[in-house]
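A.B. asks: Below is the sequence, then the predicted model.
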Amino acid sequence: MLRKTYDWVMGLAGSRHAPAGLFAVSFTESSFFPVPPDVMLAPMVLARPDRAYFYAGLCTVASVLGGLLGYAIGFYLEPVGHFLLRLMGHPEGPEVFQAWFAQWGLWVILIKGLTPIPYKLVTIASGLAQFDLFTFIWASVVTRGARFFLTATLLKYFGPAIREEVERRLGIYTAVGVVLLIGAVVAVKLLG
């Protein structure tokens with residue numbers, strides 16, 4: 001089953017519909033969708049290394065536009081923003097987010113935008129805190145761009161070796177990935 005799913009994703013990553021799917025996943029992940037764009041970006045770069053930077057740029061643009069939707073949810077639809085944040089384990093009120101951004105501001109966006117921590121937390125919380133929109137946009141471009149272009153560069157130059165290793169030990173890497181994901185979720189909940 002795992003091998004079939006992997007082969008299907010790799011096939012989709014090389015299809016003509018892959019860029020539209022990548023854009024959609026990158027856009028929605030920044031505001032409400034739970035799947036990170038890396039899930040599509042990685043196999044797409046592995047399938048077409050010659051388009052690595054195009055895909056990274058597409059991810060960046062879509063992610064920042066989706067981030068603006070997340071910001072708008074927090075800013076204009078406060079009850080919806082609180083609901084989504086509660087679903088992600090953050091039931092705090094707007095005062096907590098305003099204090100958080102007043103103290104850390106730009107660093108919240110720069111650090112969380114580079115990590116696998118759900119970026120939608122930052123986008124919605126930025127809107128709830130009424131963080132400066134211009135700073136939010138440029139910080140999002142920098143941090144999301146850095147993340148996606150770094151991923152694309154590593155996969156473009158080291159991808160074939162990585163792909164061969166992953167295909168040889170797919171089950172082990174999947175198990176490790178699941179453990180790391182669960183660990184990250186637990187850490188976010190404990191630190192949040």
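C.D. replies: Yes, it's here.
A.B. asks: Which secondary structure state is assigned to residue 31?
C.D. replies: Residue 31 falls in the coil class when you classify it by DSSP: H, G, I helix; E, B strand; the rest coil.
A.B. asks: Verify the contact between it and residue 67 for me.
C.D. replies: Yes. Under the criterion of Cβ atoms under 8 Å, residue 31 makes contact with residue 67 at 7.1 Å. (Each C-beta comes from the backbone N, C-alpha and C, glycine too.)
A.B. asks: Settle it for me: which of the two has more neighbours?
C.D. replies: residue 67 (31 against 24; other Cβ atoms under 10 Å).
A.B. asks: shared neighbours of residue 31 and residue 67, which are they?
C.D. replies: Residues touching both residue 31 and residue 67 (Cβ atoms under 8 Å, 6 or more residues apart in numbering) are residue 123.
A.B. asks: taking the mean pLDDT, what do you get for stretch 131-150?
C.D. replies: Averaged across stretch 131-150, pLDDT comes to 91.
A.B. asks: Can I get it in PDB, CA atoms only?
C.D. replies: Extracted as PDB, the C-alpha positions of stretch 131-150 are listed here (Å, rounded to 0.1, in the frame of the first residue of the first chain):
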ATOM      1  CA  PHE A 131       0.100  42.900  13.300                       C
ATOM      2  CA  ASP A 132       1.500  45.400  10.700                       C
ATOM      3  CA  LEU A 133       0.400  44.000   7.300                       C
ATOM      4  CA  PHE A 134       3.400  45.300   5.300                       C
ATOM      5  CA  THR A 135       5.800  43.700   7.800                       C
ATOM      6  CA  PHE A 136       3.800  40.500   7.700                       C
ATOM      7  CA  ILE A 137       3.900  40.400   3.800                       C
ATOM      8  CA  TRP A 138       7.700  41.000   3.400                       C
ATOM      9  CA  ALA A 139       8.600  38.700   6.300                       C
ATOM     10  CA  SER A 140       6.400  36.000   4.800                       C
ATOM     11  CA  VAL A 141       8.000  36.400   1.400                       C
ATOM     12  CA  VAL A 142      11.500  36.100   2.900                       C
ATOM     13  CA  THR A 143      10.800  33.200   5.300                       C
ATOM     14  CA  ARG A 144       8.600  31.100   3.000                       C
ATOM     15  CA  GLY A 145      10.900  31.800   0.000                       C
ATOM     16  CA  ALA A 146      13.900  30.700   2.000                       C
ATOM     17  CA  ARG A 147      12.300  27.500   3.100                       C
ATOM     18  CA  PHE A 148      11.000  26.500  -0.300                       C
ATOM     19  CA  PHE A 149      14.100  27.500  -2.300                       C
ATOM     20  CA  LEU A 150      16.400  25.800   0.200                       C
END
